[in-house]
Structures are given as C-alpha cells and as structure tokens.
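Trainee: please find the sequence and the predicted model below.
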Amino acid sequence: MKTVEVHVVTPDGPVLQEQFEMVIARAKSGELGILPGHIPTVAPLEIGAVRLKKGKTTELVAVSGGFLEVRPDKVTILAQAAERSTDIDVSRARSAKERAERRLQERQDDIDYRRAELALRRAMNRINAVDNK
Ligand code: ATP
C-alpha cells in the first residue's frame, strides 16, 4: 500500500511526522480524503479531528483549525494547536468545555461570546477525539 508523509506542526513544535495511507480532514469547504499522489492543494481547516489511516488502524489528531497543504508525497497540517488523541488531557478539556458554556450563558460582548464559542468547539473536539479513538 502506498503511503504519504504526514506532518502536523504547531507553533510549539512538531506533533507528528509519520507515513499514512490516507488522510481525512474537515476543510471549511467540506470533508477531504487524501490518498498518496493527490494533486497539490491548500485548504483552511475547521476545528475537528483529522483521521490518519494505516492498515486497520486509524489515528485521530484533534486540530484547532489551521491549514492543510497537500503535495503528492506529503501532507502538512499547520495549526495553532493540535494533539494526538493519546496526548489529550480529558479532564482539562471537560473543564474548558464547562468554562466556555458558563461564559456563553453570561451576557457578553460579541468578541467574548465568539471567543467562548471557539473555546467550546476546541474542547468538544478534544473530548470527541478521545471518545472515538
Ligand atoms: P485550555 O483552556 O484548557 O487551555 P484551550 O482550548 O484554550 O484550552 P489552546 O489555546 O487551544 O487551549 O491550546 C493551548 C496549548 O495547550 C496547546 O499547546 C494545546 O495543544 C494544549 N492543550 C489544550 N487543551 C489540551 C488538552 N485538553 N489536552 C492536552 N493539551 C491541550
């Protein structure tokens, strides 16, 4: 089976660099499935789980937005934050979720409301990545 080299990079450093047979990511334009040899493309990503397939295993990486760059032999994901599901601290994500939900219930200006909405989506994405791993 052919593979493509996947790099997940954040400002804190590399999160993952490995060969996979398929990459499935949620781009702003919809779900993208990438196989080795894919035409070059760049796509902005949603907050979501990137699924990396190799044989019968699927690795999940919780990605907090960012960009996907595809070349025929390499897929690079650049994100502000990204964690492998095995590195996620679920109790931290649950606390972040509760904090964000509380903030959304308070009356706030638009900027704080938007910030809380994004924090909630990041937290739920992390919890889901652990639940689905
Ligand atoms: P929190 O309020 O818990 O910090 P957050 O969504 O504001 O959550 P981010 O700003 O997205 O956090 O990330 C800050 C750093 O902490 C990043 O390096 C990210 O990978 C890491 N991080 C955030 N939440 C978790 C988690 N639940 N488990 C492991 N790492 C996390």
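Mentor: Done, it's in.

Trainee: isn't R94 up against A123?
Mentor: Yes. R94 is within contact range of A123, at 7.4 Å (criterion: Cβ atoms under 8 Å). C-betas here are computed from N, CA, C, even on glycine.

Trainee: of these two, which one has the most company?
Mentor: Between R94 and A123, counted using other Cβ atoms under 10 Å, the more crowded position is A123 (23 against 14).

Trainee: which helix or which strand is home to the more buried one?
Mentor: Element membership of A123 [criterion: DSSP states H and E] is helix 110-131.

Trainee: now that helix: buried residues?
Mentor: By neighbour count on 16 or more other Cβ atoms under 10 Å, the buried set for helix 110-131 is 116, 119-130.

Trainee: just the residues you listed now: which is nearest K2?
Mentor: Closest to K2 out of the buried residues of helix 110-131 is A129 (26.0 Å), distances taken as Cβ to Cβ.
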